[in-house]
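Participant: A structural model of the following input is requested.
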Amino acid sequence: MSNPETLYIVIPAYNESENIEEVVREWHEVVAKASKSSRLVIIDDGSRDDTYKMLEDLAKKYKQLTPVTKKNSGHGGTVLYGYKYALKNGADYIFQTDSDGQTRPDEFWQMWDEREDYNFQCGHRLGRQDGFSRKFVTRVLKLVVLLKFHVWAKDANTPFRLMDANSLREKVRKIPKDYNLSNVMLTVLYLKDKSMKTRFVQITFRPRQGGVNSINMKRIFGIGKKAMSDFSRLKNTVDND
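Facilitator: Got it, this is the predicted structure:
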């Protein structure tokens, strides 16, 4: 009888004290059901509140929770850190979501059940409930990805993605440390590689469950401008993949 596969759920967290306990409760149920070797890895990105202290306390109750803390590097850098941590520690599959409570754990299983058929599965947020500004960011990124890389990604930056370890190990090597848009670049790398089996799965995207939405129109403009610059820097790497 083969050993159960090890799932690592990677969640970045920054100043999420209002959400973190419920996020841990919901997603720990997933890793516990997946296998005894699976882990919920929540990476505190240098929070200024008591997010990490809460995680340490929660780890006493939730035995498959692994809290990690590091210096602040932003969402992209923290996600990349989490992927490398999972790969180093023996994950067979890596799933990433966020710590704001917007995604639903029950929708994870539609991906898990099909894990052997795909290298990369990504959520597609239809009817998302988190405001115009964030929807606009998604549209901007979709357009930038099309212009720069000539691939059509239904939802390039969704924090709801499942990848097998072998393919992810190959892809993360191409992304610089602390890269601002790691998930977008991963989506591009998977879609450009015709040997990869990929799909987008429709998911629910709830309103933020607590805390403050930091996105505004000024930041959106900055995100788009920086994305164009960052993508130009990595275009040769992607085109030669």
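Participant: show me the contacts for Thr6.
Facilitator: By CB atoms under 8 Å, 6 or more residues apart in numbering, the contact set of Thr6 is 35, 37-39, 90-93. From N, CA and C alone the C-beta is placed, and that goes for glycine too.
Participant: go again using 10 Å as the cut-off
Facilitator: Thr6 makes contact with 31, 34-39, 86, 89-94, 165 under the criterion CB atoms under 10 Å, 6 or more residues apart in numbering.
Participant: where does pLDDT dip in this protein?
Facilitator: Filtered on pLDDT under 70, the chain yields the residue ranges 1-2, 127-136, 138, 208-229, 232-237, 239-241.
Participant: do you have the helices of it handy? List them.
Facilitator: Secondary structure of the chain by DSSP state H: the helices cover 20-34, 51-58, 74-88, 109-112, 132-149, 165-172, 182-192, 217-239.
Participant: picking up where we left off before, out of the contacts of Thr6, which are buried?
Facilitator: Buried members of the contacts of Thr6, scored by 16 or more other CB atoms under 10 Å, are 31, 34, 37-39, 86, 91-94, 165.
Participant: from the residues you listed, which is closest to Tyr190?
Facilitator: Distances from Tyr190 to the buried ones among the contacts of Thr6, taken as CB to CB, are shortest for Ile94 (12.9 Å).
Participant: enumerate every residue touching the residue lying closest to the closest one once chain neighbours are set aside.
Facilitator: Distances taken as CB to CB, 6 or more residues apart in numbering put Ala86 closest to Ile94, at 4.7 Å, once the chain neighbours are dropped. Listed by CB under 10 Å, 6+ apart, the contact set of Ala86 reads 6-10, 39, 41, 66, 92-96, 163, 165, 168.
Participant: over to Ser37?
Facilitator: By CB under 10 Å, 6+ apart, the residues touching Ser37 are 3-8, 31, 64, 90-92.
Participant: from those residues, which is closest to His124?
Facilitator: Leu7 (21.3 Å).
Participant: the closest one and His28 touch, don't they?
Facilitator: No - taking contacts as CB atoms under 10 Å, Leu7 lies outside contact range of His28: 11.9 Å.
Participant: joint contacts of the two?
Facilitator: 38-40, 64.
Participant: now these in TSV, with distance to Asp57?
Facilitator: Supplementary listing: the shared contacts of Leu7 and His28 in TSV, determined by distance: CB to CB, whole Å:
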residue	distance to Asp57
Ser38	21
Arg39	18
Leu40	15
Gln64	15
